[in-house]
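Trainee: what shape does this take:
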Amino acid sequence: QVQVEESGGGLVQAGGSLRLSCTASGRTFSRYAMGWFRQYPGKEREFVAAISWSGASTDYADSVKGRFAISRDDASHTAYLQMNSLKPEDTAVYFCAADPLPPSGEITENTYRYWGQGTQVTVSS
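Mentor: Residues are numbered from 1 along each chain as shown. As a prediction, this is how the structure comes out:
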């Protein structure tokens with residue numbers, strides 16, 4: 001069983017930055033595809049960003065392109081989501097996800113097998 005855990009959420013003013021971290025257990029972290037999703041109250045989780053196991057390929061939701069950056073450090077079994085120029089509409093619970101298989105087609109919640117518990121990000125106006 002793979003344990004996924006997010007950290008780094010908090011309260012920030014609009015225009016500010018936060019970096020979320022995600023650790024995943026398991027000896028094969030370097031082979032996991034990683035993703036970030038967010039969820040608004042009463043809504044389904046929505047895709048934010050993804051990175052391939054090699055780190056060579058990344059993908060972003062249109063709403064965060066140019067502001068957010070996903071990266072990974074296999075030595076520390078950690079994936080990151082650097083969030084810049086934050087807006088109040090970025091306020092949500094952010095989830096990290098991992099899967100040993102590469103995504104096939106559109107990235108959705110079903111792309112990933114293992115999930116963290118989420119971390120709250122609040123952006124004040």
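Trainee: list phi and psi for A75.
Mentor: phi -60, psi -30 (degrees, to the nearest 10).
Trainee: which residues touch the helix or strand harbouring F95?
Mentor: Here F95, judged by DSSP states H and E, is contained in strand 92-99. Applying C-beta atoms under 8 Å, 6 or more residues apart in numbering, the contact partners of strand 92-99 are 2, 4-6, 9, 20, 22, 24, 29, 32-40, 45, 48, 79, 81, 109, 111-121. Every C-beta, even on glycine, is put in place using the N, C-alpha and C of the backbone.
Trainee: how about 6 Å then?
Mentor: Residues from elsewhere that reach strand 92-99 (C-beta atoms under 6 Å, 6 or more residues apart in numbering): 4, 6, 20, 22, 24, 32-40, 112-116, 118-121.
Trainee: look up phi and psi at R31.
Mentor: According to degrees, to the nearest 10, R31 has phi -100, psi 0.
Trainee: OK, contacts around it?
Mentor: Going by C-beta under 6 Å, 6+ apart, the list of residues near R31 reads 53, 100.
Trainee: check it and give its pLDDT.
Mentor: Looking at R31, its pLDDT is 88.
Trainee: where's it relative to Q1, distance?
Mentor: According to C-beta to C-beta, to the nearest Å, R31 and Q1 sit 16 Å apart.
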